[in-house]
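**Q** Next input, structure requested:
(2 chains)
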There are 2 protein chains.
Amino acid sequence: MAEASAGGRTRSGGRRGRRGGGDSETVAAVEQPAWRQPRSPYMPVAAVSADQLEAIHQASLTVLEEIGIDILSDEAKSILKAAGADVAVDGDRVRFDRALVEQSLGKAPPEFTLHARNPDHSLKIGGAWIANCSVGSAPNAHDMEGGRRPGNSADFLNFVKLIQQLNIVHIIGGYPVEPLDRHPSIRHLDCLSDFVTMTDKVFHAYSLGRERILDGIEIARIARGIDDKTLEREPSLMTIVNSNSPLKLDEPMCGGIIEMARRNQVVVLTPFTLAGAMAPVTVAGAVTQQNAEALAGLVLSQSVRPGAPFVYGGFTSNVDMKSGAPAFGTPEYMQSALLGGQLSRRYGLPYRSSNVCAANTVDAQAAYESVFSLWGATMGGVNILKHGAGWMEGGLQASFEKMVLDADLLQMVAAFLTPLEVNDDTMAIDAMREVGPGGHFFGAAHTMERYSTAFYSPMISDWRNYEAWQEAGSPTAYEKANRLYKQLLVEYEQPPIDNAVREELEAFVARRKEEGGAPTDF
Amino acid sequence: MAEASAGGRTRSGGRRGRRGGGDSETVAAVEQPAWRQPRSPYMPVAAVSADQLEAIHQASLTVLEEIGIDILSDEAKSILKAAGADVAVDGDRVRFDRALVEQSLGKAPPEFTLHARNPDHSLKIGGAWIANCSVGSAPNAHDMEGGRRPGNSADFLNFVKLIQQLNIVHIIGGYPVEPLDRHPSIRHLDCLSDFVTMTDKVFHAYSLGRERILDGIEIARIARGIDDKTLEREPSLMTIVNSNSPLKLDEPMCGGIIEMARRNQVVVLTPFTLAGAMAPVTVAGAVTQQNAEALAGLVLSQSVRPGAPFVYGGFTSNVDMKSGAPAFGTPEYMQSALLGGQLSRRYGLPYRSSNVCAANTVDAQAAYESVFSLWGATMGGVNILKHGAGWMEGGLQASFEKMVLDADLLQMVAAFLTPLEVNDDTMAIDAMREVGPGGHFFGAAHTMERYSTAFYSPMISDWRNYEAWQEAGSPTAYEKANRLYKQLLVEYEQPPIDNAVREELEAFVARRKEEGGAPTDF
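**A** This next block holds a predicted model:
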């Protein structure tokens, strides 16, 4: 698989897949499978029976009809009123009758393409397809040497480089870490410019006021070098809208839904329903509330533009009832992940789940909570996996080492999702005949033909025997990830970009900065 | 939930469930859910289509018919010959025609009870039931302070105590670590005596020559205080038989199958098929071979006694093709685990899988490989989970810390497998009404009634915020597990045992030692 790169340098990833070799002074390049989007061959796992699912659906409709949602946006209220919702005369409460919700179902597409500026990196969203996002919105960055520090531009830029390098990370899922040294009025302009110029992957823009989301849509259009009409036909930007649980949607979030739906861009509505805190203490109750909030967002989006792409987000987890601390990757999280997937399939909507943990360091806990959440998400039929790589500490920390370790986990999941080939060749009766009872397969022709690509070769896992491992200094997975992330940064290469695109982007950003950027009073 | 124990001491586990409190000089007892056997509410996940499954079944039959198996036991050969197999005149090769194999299917029970001397600890094997075993047969023990050392009696006894204390470990799955200071001729007598007196759980005996397995059967009978006929009606002992892959069964293994089947005790036939080494380099090929070997064992067992309990074991993993090192908890391992479960269900047999990893220390790798293997096993429909707690380093190491960490993982899986309750009460519309949009659920009546038991409370996971965690010395999960295992040892209490049983056991062991124990020339 290995080939020397033209310039004698070694590097990983990119469209050209694995690299190795190069001149003798460079370290061997990080090896990883070429860019591809996984597709699950497995039937999603149901958490509850069809009757129970229907009960949860009906209970959500009752919540929407009888309790309603507080909608803190005049425009959203008038859109919903026009659609037939019951909007309180004095106040923000909006009640949705059952028929209105049922009418909004079946309009959004079950599957669509989310376009990247590099067409090879465009993504199928929905069906059995999975797209992995990087960690988003962490206030702190962390690595082994530097420890934990508030988000800043240098760390932000390094994370963006890693995201471009890691083939299994398909979407920049927001600012991996908040660059607090960039002023909030222009942060989105600089950060989205960095996404476009430093990567060629799909990206996310924040629904933090209309100006930001409109700037994001324009930047997505410029990045792809297309006109408004094409952009409207081809979704090219994603936003996450977290409802303000319980049962509330604020102005910036409503603005995000409205502007994105209007331009046919992708809204991922994800209620932040921590059972025992912002949602009932039972999984069934928390998911009922999640479902009500998601459906309210769907009604708004489909009232703005029937058929606008809408993704059902599940993020229900529980809190530690002793301390109130949020917990992630728990058994209850896994059950919620399965149940959310079942509901999204009932509505024919793509499903968003996450790779999360509450650990403070990249230890066994970080790994088991992450893999438990991947288990729930994957078997639940996830389509967009948020926070796929780099999330720690309940979202308060983006970790460089965890990003690489997670990329390895995501590659393992992708390998697990590769359909098994079953045919005469793979069933290998001839190889068994050749080797015979008591023999060994190391040298068999069947083995020799396949050994170099037979199995997934992890970036992190140390499979040396104990003595060899001890001689090498008894490295942990955390230490190996530390070495790897730094190597990936050295290997980073900026993807090509059209000069015309770069110039238009620079001009747009300059103009918007002159205008003062976006308001910061949200 | 906490209550002071009668004697003022605190302790964990046992039939009496959680304990806490006690006098002020003792540490808070380790809290864990009461003993129970999990039962999966989820449909197992299929790795391949029905047609592909049939192709693998047919290919296995072809292997048995055309290549055959080397059977290194005269008694096994004559039993198989009498059953209709084609036994080579000069040599050990036995070929099974398709009809013979098909006739052997459907006789072994799909579900049965495996009896412990404490009836509360008896287990359902098969269906959707899961029984977890402790790590078995590791040559080395390890803990944080003592490092890695060859197996010895002191470590053996401490592991046995931990197994009794950890409620989620249902079966002593062999010697957790080999006590090399016990002479091989009498090791089984002393170790099985320890199992019976120090625990009240189901245990395993090794198929290492007939004498050992016969001694094991007798000890299981004595432990339960029953007669031979009752024992024969009520399976009370389990043995693992690893075929000598590829396609070979040796004399001690055949002896184990024959003697156990004859007395209606439980044989778990598990081919040791590492793809690329002892089996073809493809997952489909390695599992085809696994299946042929398992079916050969089934034919032998059912020829000895139709209806004898037989468990289909899957252990197919891959090797690192660069070094030949065995790998565990890999994507290929997960696929094999699903596929093995599908085959076992096709045959109506209970299914054995494992919780395994190749890591050398209790780091992120140990955790992710373990949870990946739990994912494959659980979604594959596992009934007996071997090496559930304590396995490290591809089986070369039993770790005290990993045993406690794994117990926590197994409890999380058990919580994940607890069916979701969906009713008006759990869907909590009234609680949402009470709290309303923008409120919080911490103080709601619905929360207050349920908060203490709402979620699984892990033993290891550290959910404190970063600052509090850092002030506490930044402990890792490994360090927390170290503290916990030592506390569990302090809390260990020997379960009650009838004097008559103890005396009969002592007399039996003394007699067998006088007779010289078992031969050591296997």
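
**Q** Which residues of the stretch 151-300 of chain A lie near chain B?
**A** Applying Cβ under 8 Å from any Cβ of the partner chain, we find that the stretch 151-300 of chain A lies next to chain B at A:244, A:246-248, A:275-285, A:288-289. For the C-beta atoms, the positions are set from N, CA and C on the backbone; glycine is no exception.

**Q** State the distance from A:Trp35 to B:Arg224.
**A** 60 Å (Cβ to Cβ, to the nearest Å).

**Q** My error: substitute A:Gly395 in the last question.
**A** Relative to B:Arg224, and taking Cβ to Cβ, A:Gly395 is found at 53 Å.

**Q** host element of the residue nearest to A:Glu506 when sequence neighbours are not counted?
**A** Of all residues not flanking A:Glu506 in the chain, A:Ser193 sits nearest, at 7.8 Å (Cβ to Cβ, 6 or more residues apart in numbering or on different chains). Per DSSP states H and E: A:Ser193 is located in helix A:187-198.

**Q** from the middle of its chain, how far away would that helix be?
**A** 18 Å (Cα atoms, centre = their mean, to the nearest Å).

**Q** Likewise for stretch A:141-152?
**A** With Cα atoms, centre = their mean, you get 22 Å for stretch A:141-152.

**Q** Okay, buried residues for that stretch please.
**A** Applying a neighbour-count criterion of 16 or more other Cβ atoms under 10 Å in any protein chain shown, one finds A:Ala141, A:His142, A:Asp143, A:Met144, A:Arg148, A:Gly151, A:Asn152 buried in stretch A:141-152.

**Q** pLDDT score assigned to the last one?
**A** Read it as A:Asn152. At A:Asn152, the pLDDT value in this model is 98.

**Q** State the distance from it to A:Tyr492.
**A** 18 Å.

**Q** now do the fourth one
**A** Shown here: A:Met144 relative to A:Tyr492, a distance of 19 Å by Cβ to Cβ.

**Q** Just give the closest residue to A:Ala445, not the sequence neighbours.
**A** Closest to A:Ala445 by Cβ to Cβ, 6+ apart is A:Glu434, at 7.0 Å.

**Q** Can you classify that neighbour as helix, strand or coil?
**A** Here A:Glu434 is recorded as helix under DSSP: H, G, I helix; E, B strand; the rest coil.

**Q** show me the contacts for it.
**A** A:Ala444, A:Ala445, A:His446 (Cβ atoms under 8 Å, 6 or more residues apart in numbering or on different chains).

**Q** What's the local residue count around the second one?
**A** Right, the one you point to is A:Ala445. 10 (other Cβ atoms under 10 Å in any protein chain shown).

**Q** cool, and A:Tyr466?
**A** 18.

**Q** Ok, the one 10 residues further on next?
**A** Applying other Cβ under 10 Å, we find 23 other residues in the vicinity of A:Thr476.

**Q** just the helices in the stretch 251-400 of chain A please.
**A** Here the stretch 251-400 of chain A has its helices, by DSSP state H, counting those that start in this stretch, at A:251-262, A:283-304, A:331-346, A:364-379, A:400-416.

**Q** Could you say which helix or strand holds A:Val45?
**A** Using DSSP H and E, A:Val45 falls within no helix or strand.

**Q** Tell me which residue in the stretch 201-350 of chain A sits closest to chain B.
**A** Residue nearest to chain B within the stretch 201-350 of chain A (Cβ to the nearest Cβ): A:Gly285, separated by 3.1 Å.

**Q** residues in contact with that residue?
**A** A:Gly285 is in contact with A:Ala275, A:Ala279, B:Thr426, B:Met427, B:Ala428, B:Ala431, B:Met432, B:His446, counting by Cβ under 8 Å, 6+ apart.

**Q** again, but for A:Glu369
**A** Contacts of A:Glu369 by Cβ under 8 Å, 6+ apart are A:Phe328, A:Gly329, A:Thr330, A:Val356, A:Cys357, A:Ala358, A:Ala359, B:Ser461.

**Q** mind checking pLDDT for it?
**A** The model's pLDDT for A:Glu369 equals 98.

**Q** any idea how far A:Tyr312 is from the nearest residue to it once chain neighbours are set aside?
**A** Nearest residue to A:Glu369, sequence neighbours excluded (Cβ to Cβ, 6+ apart): A:Gly329, at 2.9 Å. To A:Tyr312, A:Gly329 is 21 Å away according to Cβ to Cβ.

**Q** again, but for A:Gly68
**A** 20 Å.

**Q** out of those two, which sits in the busier spot?
**A** Taking other Cβ under 10 Å, A:Gly68 and A:Tyr312 do not tie; A:Tyr312 has more neighbours (29 against 22).

**Q** what sits against the nearest residue to that one once chain neighbours are set aside?
**A** Leaving aside its sequence neighbours, A:Tyr312 sits nearest to A:Ser344 (Cβ to Cβ, 6+ apart; 3.8 Å). Contacts for A:Ser344 (Cβ under 8 Å, 6+ apart) come out as A:Tyr312, A:Gly314, A:Pro350, A:Tyr351, A:Gly381.

**Q** Report the buried members of those.
**A** A:Tyr312, A:Gly314, A:Pro350, A:Tyr351, A:Gly381.

**Q** just checking, the third one touches A:Asn383?
**A** Translated: A:Pro350. Yes - at 4.1 Å, A:Pro350 counts as touching A:Asn383 under the criterion of Cβ atoms under 8 Å.

**Q** Now do the shared contacts for those two.
**A** A:Ile125, A:Gly126, A:Val311.

**Q** In the stretch 351-500 of chain A, which residue sits closest to chain B?
**A** For the stretch 351-500 of chain A, Cβ to the nearest Cβ, closest residue to chain B: A:Ala428, 3.1 Å.

**Q** if I look at that residue, how far off is A:Gln52?
**A** 44 Å.

**Q** and if you look at A:Ala414?
**A** 31 Å.

**Q** And A:Met392, by the same measure?
**A** 34 Å.

**Q** Run through who's touching the longest strand belonging to chain A.
**A** In chain A, taking DSSP state E as the definition, the longest strand is strand A:384-389. Applying Cβ under 8 Å, 6+ apart, the contact partners of strand A:384-389 are A:125, A:130-136, A:163, A:166, A:168-169, A:171, A:173, A:238, A:240, A:268, A:270, A:311, A:313, A:350-356, A:374, A:377, A:395, A:402-404, A:406-407, A:410.

**Q** can you check stretch A:76-89 too?
**A** A:68, A:71, A:92-97, A:99-100, A:249, A:254, A:257-258, A:299-300, A:303-304.

**Q** count of neighbours near A:Asp181?
**A** 12.

**Q** tell me which element it falls in.
**A** Using DSSP H and E, A:Asp181 falls outside every helix and strand.

**Q** and it, what does it touch?
**A** Residues in contact with A:Asp181 (Cβ under 8 Å, 6+ apart) are A:Asn152, A:Ser153.

**Q** And it, how close does it get to A:Ala337?
**A** In terms of Cβ to Cβ, A:Asp181 sits 36 Å off from A:Ala337.
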